[in-house]
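Peer 1: Everything below, folded, please.
(chains A and B)
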Amino acid sequence: MTQQTLTEWNDTQNESGTAGPPRCLSLTVRGPWGHFRRVEGNIVKQTYRIIPRTTVAGLLAAVLGIERDGYYELFARGRSAIAIEPVAPLRTVNMPVNTLSTADESMKSLNPRGKISIKLPDPTKPRQQHNYEVLVDPAYRLYVWMSDSHWFETLHETLDEGKSHYVPSLGLSEYLAEITYHGRFEVESGPTDTAVAVDSAVPNAVDHVVPDAESRCQIEESPAFMTVDGGGRTTTDFTSYTYNPDAGPVRVRNPDTAIVDGNTVMFV
Amino acid sequence: MLSPEEFRRTYPEATLLEELPDRPIASLRDIQYLYGTLYTLATTGGGTYAPYLTPDAAGDLVDEPDSLIVVRVDISGDVPVLASDSQGPVWVTKYTEELIPKVAHCKYPAARGIDHSVTHQAGKNSDPDKLARYAKERLSKWAADSVVQSTAEDHEDGWIIDALAELGENEDTIETLEREVRSNLSGSTTALLTVQVKLDADGPYLWPGDLDVAMAAMRSRKLSKLISKGKASNSAGEATDLITGARTRTVGTAQDPLNYFLGKQLEKFPGFDPDQAWRTHPISEDAAITLMNAETFIDACSYRTFGARVYYLPYFFGKPSVEDTYLLYGILYDTVMQDAEERGLTPIETVYQRREDDAIDDNKLRFYVSAVMPHQMSRFDVFGETMNGRIQYPASLAAAHRDALRTAAFKNDGERTAALPRDENWPLLSDGGLLGLVASGSYFYQTFSTGDDDTDASADDPRIQALVSVLSGDSIPVSTLLESYVDRIIDESGDDEYGFPFFRVASQYAQLCALATAEHDFLEAAGKQRPISEPPSYESRTMPKIEEPITDGGFAGAEKLESFIEDTPALATNDERCASFLLGALVGAVGSYQEYKHDRSTTLVDQFPVQAVTRNRIKKVTESAIEKTITYTRQEKKGNASYPGTKFDYIVDRLRETVIQPDPDDWEIDTADLRFYYALGLTYGMNDRPLGSSIESEQPNPTAN
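Peer 2: Now for the predicted structure:
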């Protein structure tokens, strides 16, 4: 397989930048629980319903074994494309969790003078209970393309062998994820007729969604792209996803869709 | 605040369009930003400082006596002094509408600390001592504040601030101020405290609103809070504004009107640094100020229930259009006004009232709904949340409930009582204001169990879950509903004074019928409980039939029972449930009989309360109830009553058929299910009687069979 250059990919994009890439890998991630902390709250522990694009990038980086802050360029705009399709109803429960402070001053060093030293919250301190909004049985089918053919191939091979470098999880490390790999697919351009039923979450097209009294559609905005600077990482762009919480399709007027393995999806 | 008509006039289409966000509403922050924008436009209008002011914060004080205390300072001479003219150094007056822009109040929304503006709001009914302290702090604390001081350094009129601060250091001045405040006030009052300054010997005393340096200092103080709060000292950095999407300087400790984002929190994610808060929650300064201005609208669109605060924030799906924004402003304005009048209509009711006049597109109008439970000032939980609340959901439920009360289940036919009672004193058994009940959460407060704590809900409180489900079009599991109903019935059955909660059960049943009948799927049930979620097919009765002969010698009581069972899918399709109901009906009927005919204070209803009925015990209860019926039959027949068979045989016969086969020992029915339908039967039996004095007998006509 030859690497597609950035220019080629950019040429295939239309104005809104949501048209499909040439090919993609497809996998389903699922687990009994998931929690994707929303940026609007730190007091409250709400979760996104649709796994954020940045989390997908982190999850795949974990599969590939790329370190923290090391994968943002790989999944940058124009160098990658991801579509996310919820394949199970998006249901949540409130789960009370006892937490210990993770502020620097509350972290205790274990083996502080040794070669390997780790920090953990001081277990002698009193706990505080918070309700975490937790997704129950979340499952998403992901469609992923990267312009970097080395990593694209590596990801294909790793998934194909059913391996993962780090343990994949859904938001929090204790919510383990199970990955089913479907394989590599050609991406065909999808219908752009007046109203199309889109299977994936619909990115950045709120005003094209056809409101329908029968099926429910919801919307949320989550981080999509990140960058690293001297002090840490920041979000460079957010995506608003319109989605059907019952895991059905959403009807969209004149969308930029792609068809992968028979499913109508929208990439970002 | 501008009325919706004034708003439309002041901001014609082209002008308003420039102010509106260019992106679709996709998050709570987007809604808050839009509200803040509208609020600023409607109150303070344009100008550099407008978004920083809080003209409504002291709205309650307008035109109240002694509501404004003015410290008057003359800095026209070499040394700053307190005013010595006829009005004196402290002037106590009335805060009026005209003075709002002059006084230029900017409230700091925390319990501690001074307001951002030199104008400061005292607590409710502060005593003169406290007010005297606040008065002197205008000079000694506000003017000396480090942020105010650094503004003064950079401002050409900074000398004014310096003069105030200098005066604030003078002990004599402070004493004079204290004395003057005490002598000008007769007692405690709620007031704003401000400062007037005379700059020129022949010039007037100027208000803070006239002094650019005072306004600039106010602005700096407000902005400083966006980057420093609690443990954060300078939380700002270059990032993408999560509201506008612009790459800009962002701040990390902005005030959020819903308080979802505050200082540092215990987290599962290690290494959060408050000074880096702008990385996780990046908001530009302008956007942060706009969010804070959403507070008035957001407060008006919220309601307290079960100890939690429920927010319903209306918005239109997609990018805000000018027309939708005029409508939205109208809704918000009405809600604020109604809140002020204490009519307490929820935005859902306000919208419902407006939607015909304004041709609101029901599909586009959405509500952000959440229930927030505070535990402490800085720790609380969100129990339920959706961006997808819609007016149709509560409206269809309210309509279905009203319709249920108009069916044979709740309306009599003129001959015999309806299956279940109605009562004007019970909100769920009378016609008025059902939408308000649904929207406010009272609808479930009336019927669900109260939990461990009567007033406050817990995280898994079914009342809040049911409320949020209904508002967002989700479904409620039937099993949750029945368990909660039964818990409430058992709680109240223990009360000796009122006995069996007859109207409570009827209210619960009316709700169950409404949830099953409403246009949306509000109930979720599996297996044998599925028929409970199916709509019953009771005959609707617009008015009771007055004179209709009983057909073919049949007995009205038997016919009523038969048609109630046939029209109730939950009973018609499941013998176990039907038997529980019939047993309740028999116990209820015998209980009423004991009470009215024999004046017994303890009846069969008290003997077999809901909590006493289980799969294991139902056989024994049935035997006892039938035995009691036979005893009364014998007694009546000795007293020369003549009818064939036993008393209440229309219930007993059916009961025999259902309880005996299959044997209750082999039943599979869930306990809550069994108990609820037993309670429903009790209510049915206690309510069941002929209407009017002409009909004596409660037994079948002896000549009929």
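Peer 1: C-alpha only now, for contacts and for neighbours.
Peer 2: OK.
Peer 1: now the helix or strand harbouring B:Thr629, how far from the centre of its chain.
Peer 2: Under the criterion of DSSP states H and E, B:Thr629 resides in helix B:618-638. Between the centre of helix B:618-638 and the centre of its chain there are 49 Å (Cα atoms, centre = their mean, to the nearest Å).
Peer 1: Please apply the same query to stretch B:417-437.
Peer 2: The answer for stretch B:417-437 is 21 Å, by Cα atoms, centre = their mean.
Peer 1: Mind listing what's buried along that stretch?
Peer 2: The neighbour-count check on stretch B:417-437 (16 or more other Cα atoms under 10 Å in any protein chain shown) flags B:417-422, B:427-431, B:434-437 as buried.
Peer 1: likewise stretch B:521-535?
Peer 2: B:521-525, B:529, B:531-535.
Peer 1: For the stretch 101-250 of chain A, what lies in contact range of chain B?
Peer 2: Selection of the stretch 101-250 of chain A residues close to chain B by Cα under 8 Å from any Cα of the partner chain yields A:101-104, A:128, A:130-131, A:206-207, A:211-213, A:217-221, A:233-238, A:240.
Peer 1: In ChimeraX, select just the buried ones from those residues.
Peer 2: Selection command for ChimeraX covering only the buried members of those, criterion 16+ other Cα under 10 Å:
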select /A:101,102,103,130,131,206,207,211,217,218,219,220,221,233,234,235,236,237,238,240
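Peer 1: Could you tell me which of the residues of the stretch 101-250 of chain A next to chain B belong to strands?
Peer 2: A:128, A:130-131, A:218-221, A:233-238, A:240 (DSSP state E).
Peer 1: what about chain B, any weak spots by pLDDT?
Peer 2: Along chain B, segments meeting pLDDT under 70 span B:45-46, B:110-112, B:262-272, B:340-345, B:376-379, B:451-460, B:495-498, B:543-554, B:659-662, B:692-705.
Peer 1: Distance of the residue nearest the centre of chain B relative to B:Val382?
Peer 2: Residue closest to the average C-alpha location in chain B (Cα atoms, centre = their mean): B:Tyr303, at 3.0 Å. Per Cα to Cα, to the nearest Å, B:Tyr303 is found 14 Å from B:Val382.
Peer 1: Check A:Pro245 too.
Peer 2: With Cα to Cα as the criterion, A:Pro245 and B:Val382 are 19 Å apart.
Peer 1: you'd agree A:Pro211 is up against B:Lys364?
Peer 2: Yes - using Cα atoms under 8 Å, A:Pro211 is in contact with B:Lys364, at 7.0 Å.
Peer 1: ok, what's across the strand from the residue lying closest to the residue nearest to the centre of chain B once chain neighbours are set aside?
Peer 2: With sequence-adjacent residues excluded and distances taken as Cα to Cα, 6 or more residues apart in numbering or on different chains, B:Tyr303 is closest to B:Val310, at 5.2 Å. Beta-bridge pairing of B:Val310 under DSSP bridges involves B:Tyr303, B:Ala371.
Peer 1: B:Val310: neighbour count?
Peer 2: 27 (other Cα atoms under 10 Å in any protein chain shown).
Peer 1: Contacts only, for it.
Peer 2: By Cα atoms under 8 Å, 6 or more residues apart in numbering or on different chains, the contact set of B:Val310 is B:302-304, B:369-372.
Peer 1: Run through the stretch 101-250 of chain A and note the low-pLDDT ranges.
Peer 2: A:213.
Peer 1: mind listing the strands in the stretch 151-268 of chain A by residue range?
Peer 2: Assigned by DSSP state E, counting those that start in this stretch, the strands in the stretch 151-268 of chain A fall at A:178-186, A:188-189, A:195-198, A:202-203, A:218-229, A:232-243, A:250-253, A:258-260, A:263-265.
Peer 1: Kindly apply the preceding question to the stretch 401-550 of chain B instead.
Peer 2: B:476-477, B:523-524.
Peer 1: B:Val486 is nearest to which of those strands?
Peer 2: strand B:476-477 (14.6 Å; Cα to Cα).
Peer 1: Can you give the strand pairings for that closest one, parallel or anti for each?
Peer 2: For strand B:476-477, pairing defined by DSSP bridges yields strand B:523-524 (parallel).
Peer 1: Following the chain onward from the strand it pairs with, which element is next?
Peer 2: helix B:556-567.
Peer 1: Just the CA trace of that next one, in CSV.
Peer 2: Output in CSV follows, covering the C-alpha atoms of helix B:556-567 (Å, rounded to 0.1, in the frame of the first residue of the first chain):
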residue,chain,number,x,y,z
ALA,B,556,-74.6,-2.6,37.7
GLY,B,557,-71.9,-3.5,40.2
ALA,B,558,-71.0,-6.7,38.4
GLU,B,559,-71.1,-5.1,35.0
LYS,B,560,-68.9,-2.3,36.1
LEU,B,561,-66.4,-4.8,37.5
GLU,B,562,-66.4,-6.8,34.4
SER,B,563,-65.9,-3.9,32.0
PHE,B,564,-63.2,-2.4,34.2
ILE,B,565,-61.2,-5.7,34.0
GLU,B,566,-61.9,-6.2,30.3
ASP,B,567,-60.8,-2.6,29.5
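Peer 1: rewinding a little: hmm, the residue nearest to the centre of chain B is touching B:Ala439, no?
Peer 2: No - using Cα under 8 Å as the test, B:Tyr303 is too far from B:Ala439 to be in contact (9.5 Å).
Peer 1: Let me know the helix or strand that residue 56 is in.
Peer 2: Answering for chain A, as no chain was given. With DSSP H and E as criterion, A:Val56 is part of helix A:53-64.
Peer 1: actually it's chain B I care about, not the one you picked
Peer 2: Counting by DSSP H and E, B:Asp56 is part of no helix or strand.
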